[in-house]
Each structure stands twice: as structure tokens, then as C-alpha cells.
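Visitor: no sequence on this one, just coordinates:
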């Protein structure tokens, strides 16, 4: 810990107000989501705690029938919006993190294989990546989602929808990881320590996982941060379009979709607060990712 | 020159065949063509007869070849819902999407280039900085949120512009256009801004970066030293040299515009191909999904091809360089 506090990395972090602020916002959001069941005034998924009479209560005003007051107002079903957002954040963050993990593992493994083994495998993987990259990832995710729904039997579609969503987004974002890792692998494998490792007779899989992998992971971290923001936006977009998480487990995108329906009748808070949360989340990750990229990039130092 | 063009064409065809392969696999194995045509009550004999008739028992490469041949004749099978031919559904909705994509691309290029040049020339100025920081927030906003917020401000609060649909359209043969009626033009405004905003910020940043780069060059200093007016320097010496990257990005972005039209069309209930696709995903309407993939794949490949060929046309250096490489 002491070493970390003395490091260049922490020094440049302290001296970048944007990085500190965005990291702070991000940390608050993460903590709020993790401890949602302690912070949230009520559980939006527990029908017993809901009162339909509370529907459409504006923020910080007491309801005319029940007298209940909600910090950010209540939605159409009388759910406290603040609690719903906290629980929605959980789902958004969970899908985002899992999707990035999937994309990262897949991209790093394929990138290592393509870079180290080369040959037709390299050509095949990278050609496939090129073609996938011509399509925007959100379109790829939608297609995978649709295909997965078609393959699954109808009674499983509903239960599996979060898993399907994670796989769709994960598979649509692996290319940048693979390209970067392949690039660094091509550089690393020419170095002397790899020749030495070959000389003492290590297996290819050992060289790839023990020797090359640790040395190509630096840029992966930066890509993971940026991809995380993309994944969260992708999840929100798909849920907003109605092809994401089920409405019984609303994520931020679902909440915005619900909110849009009530714009015309003047219940603006149902839309505004989930939208602001999503914006704060995406913006803080993006700004932090930008700073991380600039700091970890040795060329800019 | 001819060799480069031919090689590029061959590459495009290969990519298209690959996209067609994926589209075919989805069509053949995810969906069930027999069930979609006969319904679930059909007898085993009926099924077998139809399988024979559709060629589902042929070797797989023959089926794939047939799929490609039929696709070339715009035969994508029937939609599971309503049993209409997919090609007909798409043709009905294509004009709406193309008009939307074109309008937003033009909006993005015009405003992107203007603000890009402005922020480069007035570097550090108050308005320039304001535009730049607003664009940063704009990039982080998801497309659907931009649409919803525009609807909130301009449809709900101000009540200036319609929030959904195309308004009145005029039929010109098989094409329907919203350009000729007042309500059609009004309906086009919010969706095209939503769709074009992201592209606009991209073009703006690129134009700005390129402009700053070009303005540092010696020939610009020479032009200034020769006493040419600022306008002449900016528009006759600097602008032509930043056009190549701007054209490339705009062209390449045209594909994303078509894809992101799915989101915009859903927000504004715009009756285009994107809305058709998202409904297909929702109801697992496999033939529509597979046809849409082919259509978008075709659009992307053609756009990339055209951009590459334009590159050759615009930049003589590239032409010469590639010629030398092609010769040896």
C-alpha cells in the first residue's frame, strides 16, 4: 500500500482533478449499487411493500392519499424511484462487468493464439475480426441476441435473458482486445527471453500463458475500461429497445423506457433520474478511461 | 490501377459471401423453414414433401448456393409473422430509412465541417471551447437518450415538432417520400438530429484536428506571406487538404448510421427497416433477421468499396504508390 501511494501512477492520479472526480463519482455509484439493499428505503421487487396509491408521486412531495414522501418520486406502480434506480444499477453493472470479462478473456486468448502461433489460424481469426469490425457492435449484439432467442426453447428464453444479454454484448466487443494483444504478442515473441524459454524446452502453452501474457496485459486494462462504458451503454440501449433484460428486473435502460411513456403526461421524474444516473456512470468511466490511457501510454510521457 | 480495383472488388465479393454464409446458417438452422410455412398442424408426409420441395435434403453447399442465388433475386423467403415476402416488407420500408440516413448524414457533414473549421481557426476562444466541451458530453450520451431528451424538449414542452412517425408522405412510384409535405419535413428534423449528432461530433473533431495540422504546414505560411486573404488561405489551401480523411470517415460512418437507425427508428416509431429488424428480433422472426443482415452487410461492403475507390481518385499520390506496388 505504501509503495502504491509513493508510485508515479498515484502521483499523476492525485494531480489530475478530472480523474479524481470521475473516479469518485464512479466509486459512489458502485458502492450504492453493491449496498443497495441497505441504502434503498424499500425493495422494489417485493410486491408486499408496494402501494399502488403511491403511483406518480412527484419528488419530495407527499402523496395526497398516503402521505408518503419519496426522495426522487415514485413511478407508475408506486415504486420508490431511488430504490428502483439502485437495484437497476446492480443489473446494469452486473451485465456490464460480465460482458467485459467475457470479451476480455475471449479477445486475449484469441489474440495470443493468433499472434504467437501465426499461420492460417492467425489469418482466420484476424479476417473474422476484420469482418465483424465492419459492423457496429450494437448491431452484432442484437443479432446474437435474436439468434440466441431463436435457439433457446420458448420457456427458457425468459429465464436466460440476462445470460443471453451478457453473451451478446461480450461477443460483440472482443475484437479490440484481440487486435491489441496480437500486436504486442508479435513484438514480445521476438525478444530474447522467449528464445530462452524455448531453449529450455517449455511448451507453447506455457510460454504463452506464463511469459507472454503478463507482458501484454497493460493496454488490455485501458481497453477494458473503455469497453466497460460501451457495454453499459449497449445494455441500456438493448433494454430500452425491449430486447434486453425482462421488465420484472428493470435495468437503467428499462427504467428510461418506462419513463419515456410518461413524458407526455408530465411525470418527468420517472425519465430524468434514471437517465442522469446512466449519464453519470458512462461519463465517469469514459473520463477515467481517457486519463488511464494517457497515463499508461509510455509514448506520451 | 485496374489491378487494384479488381483486387478490391474480389475482396468485397469474398466478404459478402462470408456474410451470406452466416445469414444462411441463421436462416437454415435457427429458424425452421418448414414449420414457418406449414404451421404446426401439418402431417409428417406434408413436411417431408415440403422439405423435398425446398431442397432441405440437398447437400449443404448446394443449399447455400441456392440461398445466394435466391438472395441475388431478392428472394429472402416469407416472414414468420403475416407470411408476407421479406423482400416486399423491406422494399416498403427502405425509403423511410434511406431518407432518414441521408438527411442525418448531410446534417452531420455540414455542421461537423463548419464547427470543426470554426473551432480550429478560433482555437482557445470561448465559443470554440464551449462547442468542444458540449461535444464531449454528446459523445457520452447514448443515442436513444438523445432522442428521448429531444422529444421531451421539442415535442412535449415546446410542442414544436412531432414526436413519432413520418408525417404525411407522397408516393412516387414504389418510393415514398416525406420531403414534399410540411409535416413530413417536420417529422424528419428530430430523428435526423438524433441519428446525426454522434457522427457530427466525430466529423467535427476530425476536421479540427486535421485543420490544425494543415495550418502548421509551410505552404500555408507561404500563402499568408504572399498576402492572400484569410478566407482564401482557409478555404482554397487548407480545406481541400483535409477533405480526404473527412470523406473517409463520413463514408465509413454511413454504415453505422444505417445500423444506429435501428435505435432512432424505435425511439421515434419511424416506419423504417430498423424498426422492422428490432421487431423481428423481438418476435424471433428469423427470415427478416437474416435478410436484414444481408442487406446491411451489402450496404457496408459497397460503402467501404466506394470510399476506397474514391480515395484512389482523389489522392494521386496513393494511386502512384499503389501502382508501383502493383507492378512488382
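Guide: The structure has been received and is ready for your questions. Since the structure is predicted, the reported quantities are computational estimates derived from the model, not experimental observations.
Visitor: tell me how far the ends of stretch B:268-288 are from each other?
Guide: End-to-end span of stretch B:268-288 (C-alpha to C-alpha, to the nearest Å): 21 Å.
Visitor: could you give the mean pLDDT of it?
Guide: Across stretch B:268-288, pLDDT averages out at 85.
Visitor: the residue sitting nearest the centre point of chain A and chain B: what is the separation?
Guide: Centroid check for chain A by C-alpha atoms, centre = their mean gives residue A:96 as the closest residue, at 2.5 Å. Relative to chain B, residue A:96 is positioned 13 Å away (C-beta to the nearest C-beta, to the nearest Å). Every residue, glycine included, has its C-beta placed from N, CA and C.
Visitor: tell me what the strand or helix carrying that residue is packed against?
Guide: Residue A:96 is located in helix A:81-117, with elements delineated by DSSP states H and E. Counting contacts by 3 or more C-beta pairs under 8 Å, 6 or more residues apart in numbering or on different chains; DSSP states H and E, helix A:81-117 packs against helix A:17-34, helix A:36-39, helix A:119-134, helix A:161-172, helix A:175-188, helix A:213-241, helix A:252-261, helix A:269-296.
Visitor: thinking again about what came up before, isn't the residue nearest to the centre of chain A right next to residue A:238, touching?
Guide: No. With contact defined as C-beta atoms under 8 Å, residue A:96 and residue A:238 do not form a contacting pair (11.9 Å).
Visitor: what do the two both touch?
Guide: residue A:169 (C-beta atoms under 8 Å, 6 or more residues apart in numbering or on different chains).
Visitor: near chain B, which residues of the stretch 51-200 of chain A are found?
Guide: A:131, A:134-136, A:138-139, A:142-143, A:145-147, A:149-151 (C-beta under 8 Å from any C-beta of the partner chain).
Visitor: quick one: buried ones out of the residues you listed?
Guide: A:131, A:134-136, A:138-139, A:142-143, A:145-147, A:149-150 (16 or more other C-beta atoms under 10 Å in any protein chain shown).
Visitor: what is the nearest of the residues you listed to residue B:300?
Guide: Nearest to residue B:300 among these: residue A:134, at 5.0 Å, using C-beta to C-beta.
Visitor: just give the number of residues close to residue 119.
Guide: The chain I'm using is chain A. When neighbours are defined as other C-beta atoms under 10 Å in any protein chain shown, residue A:119 has 8 of them.
Visitor: think we crossed wires, I meant chain B
Guide: Residue B:119 - counted by other C-beta under 10 Å - has 24 other residues nearby.
Visitor: pLDDT weak spots in the chain?
Guide: Let's take chain A. Along chain A, the parts satisfying pLDDT under 70 run over A:1, A:40, A:46-57, A:59-72, A:78, A:297-301.
Visitor: not quite, go with chain B.
Guide: Ranges of chain B meeting pLDDT under 70: B:1, B:31-42, B:54, B:82, B:314-328.
Visitor: now the helices for it?
Guide: Counting by DSSP state H, chain B has helices at residues B:2-25, B:33-38, B:44-54, B:60-72, B:86-121, B:126-140, B:143-150, B:182-215, B:218-225, B:230-232, B:239-267, B:273-283, B:286-314, B:316-327.
Visitor: in a markdown table, list those helices along with distance to residue A:246.
Guide: Below are the helices of chain B laid out as a markdown table (distance: least, C-beta to C-beta, whole Å):
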| stretch | distance to residue A:246 |
| --- | --- |
| helix B:2-25 | 28 |
| helix B:33-38 | 26 |
| helix B:44-54 | 34 |
| helix B:60-72 | 34 |
| helix B:86-121 | 28 |
| helix B:126-140 | 27 |
| helix B:143-150 | 19 |
| helix B:182-215 | 27 |
| helix B:218-225 | 59 |
| helix B:230-232 | 59 |
| helix B:239-267 | 18 |
| helix B:273-283 | 13 |
| helix B:286-314 | 21 |
| helix B:316-327 | 52 |
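Visitor: those helices: which one's closest to residue B:174?
Guide: Closest among the helices of chain B, once you apply C-beta to C-beta, is helix B:86-121, at 6.6 Å.
Visitor: buried set for that closest one?
Guide: Applying 16+ other C-beta under 10 Å to helix B:86-121 flags B:86-87, B:89-90, B:92-101, B:103-105, B:107-109, B:111-113, B:115-121 as buried.
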